[in-house]
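>>> this one's sequence-less:
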């Protein structure tokens, strides 16, 4: 795949965003496209526009993450069987060099220990139960796509453009894509830019100095490694006896950041104190094999299934009650995950169209929040820090930074309607909370631009974009990845598209649609 820093070209298909969704779609296209010579002496032209210079793979699987960041689940749960088998084959063939990046990018004692701990499994090719460094999957997908594209190069030309997209406008039957210093034309577009950024939490009046604290809205915006560098720098300069770091939210990015920070700071600042502020006041459950030998019975969901009419809210409430009962009897999320998921999926299929849409936009996500999990490597760090009295988890919602001083930031939060303030000032605050509503994004954000231009419409949840069964927001403009959340596609409610299994399934579906689109262009050339 050729690369260029500028466009100025016409393309039959343009992908905006080079994450895993795009890579899987390209793989699907390559398996469907003919490798014979193009008719009319013109190859069909496909471009990927990705502003990050770190390559393709999106935030989790490129240099925008940390080389020491791990998968949040074991490989066994990370990919479907067929996809996992291909990845395992690649791991076995490349294990002699693929950890070089891991070793070269300032691994701390925790990361060095990970390699030592799992040396035997790596040598023996026992990958299934490992929580692998995430960048390995990015390396694998890039190699796989490069090989697939090379197999279709007689008929198709693939180009990568490293620029930021600033706007999109309808132009005839196609689109004009405005880049930082040029424009490209596309007959069809795929918008695959990942999730909306974090909802802004920090509103600091103009002229107020932030020298005493480091406030980070999105730890991945400049790359996680660069964010860790900034945090380490301010903590190294700090004369605090035990500087405070506040992490807002208790999801996957918080667990990721806590692990990488602890790894890096064990030597530089072993006295750092961590606080996690989240509405649940709880960390995700530890991922482990189900411990109970008696199958968990979803009694409330089962009773709901006997009713003639079912609503989306009833499904959520029944699932929440069953989870509550399971926890009261000593079961874990892993013990209950499969039975709850199977029962919920069966009930969702019975919903009418309006209720399916409501489940996709609201209740599906709510059920997911009750089933949050994380791997033992990440949770072991949290457990260790709690035992050392260096980590506290507070239930509440962040409200604002009350004041800033050379001693740090004073933080106000809400707990069950009561306004409280953290007892100590924070030297570093990192926003790891949920996605912003599209309507709340800055006016110059691409999603706001597309909305203002009438090319896309947000879902009622506000964090996704409305599509039809062909995954089109408007004719010729396709949506892929997390922005599909909040839709019903071919009778299937979609509320979560962060998992690689779901990503690959939707990418395969879109590849079929795009193949038909390109076949029409092909026929015009013949």
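Yep, that arrived. These numbers were taken from a predicted model, which means no experiment stands behind them.

>>> I'd assumed residue 350 was in contact with residue 356.
No. Using CB atoms under 8 Å, residue 356 is not in contact with residue 350, being 9.4 Å away. Where C-beta positions appear, they are placed from N, C-alpha and C, glycine not excepted.

>>> When these two are compared, which one has more neighbours?
residue 356 (21 against 15; other CB atoms under 10 Å).

>>> So the more buried one versus residue 165, what's the distance?
Computed as CB to CB, to the nearest Å, the residue 356 to residue 165 distance reads 32 Å.

>>> swap in residue 384?
Taken as CB to CB, the span from residue 384 to residue 165 is 43 Å.

>>> So these two - more neighbours on which side?
Neighbour count, other CB under 10 Å: between residue 384 and residue 165, residue 165 has more, with 23 against 13.

>>> Enumerate every residue touching the more buried one.
16, 49, 51, 177-179, 446 (CB atoms under 8 Å, 6 or more residues apart in numbering).

>>> now do residue 201
Residue 201 sits in contact with 217, 248, 398, 431, 433, where contact means CB under 8 Å, 6+ apart.

>>> how about the helices in the stretch 101-250 of the chain?
Remark: helices assigned in the stretch 101-250 of the chain by DSSP state H, counting those that start in this stretch are 109-117, 119-124, 135-150, 224-237.

>>> chain center to the shortest one, what's the gap?
Looking back up the chat, that one is helix 119-124. Here helix 119-124 is found 29 Å from its chain centre; the criterion is CA atoms, centre = their mean, to the nearest Å.

>>> buried sites along that helix?
residue 122 (16 or more other CB atoms under 10 Å).

>>> got a list of contacts for the host helix or strand of residue 21?
For residue 21, the host element (DSSP states H and E) is helix 20-32. Residues from elsewhere that reach helix 20-32 (CB under 8 Å, 6+ apart): 15, 46, 48, 56-58, 60-61, 137, 141-142, 144-145, 148-149, 151-152, 158, 190, 192, 194, 480-481, 500, 503-504, 506-508, 510-512, 514-515, 518.

>>> which of those are buried?
Buried residues within the contacts of helix 20-32, defined by neighbour count using 16+ other CB under 10 Å: 15, 46, 48, 56-58, 60-61, 137, 141-142, 144-145, 148-149, 152, 158, 190, 192, 194, 480-481, 500, 503-504, 506-507, 510-511, 514, 518.

>>> Surely residue 108 touches residue 268?
No. Residue 108 lies out of contact with residue 268 (CB under 8 Å); the separation is 9.4 Å.

>>> Quick check on these two: which one has the bigger neighbour count.
It is residue 108, of residue 108 and residue 268, that has more neighbours when counted by other CB under 10 Å, with 17 against 12.

>>> Quick one: residues contacting the more buried one.
Contacts for residue 108 were tallied using CB under 8 Å, 6+ apart; they are 68, 262-264, 266-267.

>>> Please repeat the previous calculation with a cut-off of 6 Å.
Each residue near residue 108 by CB atoms under 6 Å, 6 or more residues apart in numbering is listed here: 263-264, 266.

>>> cool, residue 13 as well?
Contacts of residue 13 (CB under 6 Å, 6+ apart): 46, 188.

>>> Per-residue pLDDT of it, please?
At residue 13, the model reports a pLDDT of 94.

>>> now it: how far from residue 419?
Distance from residue 13 to residue 419, by CB to CB: 52 Å.

>>> One more: residue 362?
27 Å.

>>> if you count what's nearby, which of these two comes out ahead?
Comparing residue 362 with residue 419 by other CB under 10 Å, the one with more neighbours is residue 362, at 16 against 10.

>>> returning to what we had before: buried only: go through the contacts of residue 165 for me.
16, 49, 177-179, 446.

>>> Out of those residues, the closest to residue 486 would be?
residue 446 (18.4 Å; CB to CB).

>>> tell me the contacts of that closest one?
Contacts of residue 446 were listed using CB under 6 Å, 6+ apart, and they are residue 165.

>>> Next up, phi/psi of it, please.
The phi and psi torsions at residue 446 (degrees, to the nearest 10) take the values phi -60, psi -40.

>>> by contact count, what packs against the helix of greatest length in the chain?
Ranked by residue count under DSSP state H, the longest helix found in the chain is helix 500-525. Applying 3 or more CB pairs under 6 Å, 6 or more residues apart in numbering; DSSP states H and E, we find helix 500-525 packed against helix 20-32.

>>> Flag every buried residue along the helix it packs on.
For helix 20-32, the neighbour count (16+ other CB under 10 Å) marks 20-30, 32 as buried.

>>> What is the nearest of those residues to residue 304?
Distances from residue 304 to the buried residues of helix 20-32, taken by CB to CB, are shortest for residue 21, at 33.8 Å.

>>> Check the gap between the residue lying closest to that closest one once chain neighbours are set aside and residue 224 for me.
Spatial nearest neighbour of residue 21, excluding adjacent residues (CB to CB, 6 or more residues apart in numbering): residue 481 at 3.9 Å. Note on residue 481: its distance to residue 224, by CB to CB, is 20 Å.

>>> picking that back up, just the helices of the stretch 101-250 of the chain: most buried one?
By mean neighbour count, with neighbours taken as mean count of other CB atoms under 10 Å, helix 135-150 ranks first of the helices of the stretch 101-250 of the chain at a mean of 19.

>>> Tell me the spacing between residue 151 and residue 188.
Distance of residue 151 to residue 188, computed by CB to CB: 22 Å.

>>> what does residue 414 give?
46 Å.

>>> Would you mind naming the residues that bridge with the nearest residue to residue 376 once chain neighbours are set aside?
Distance criterion CB to CB, 6+ apart; nearest residue to residue 376, sequence neighbours excluded, is residue 286 at 6.0 Å. Taking DSSP bridges as the rule, residue 286 bridges to residue 374.
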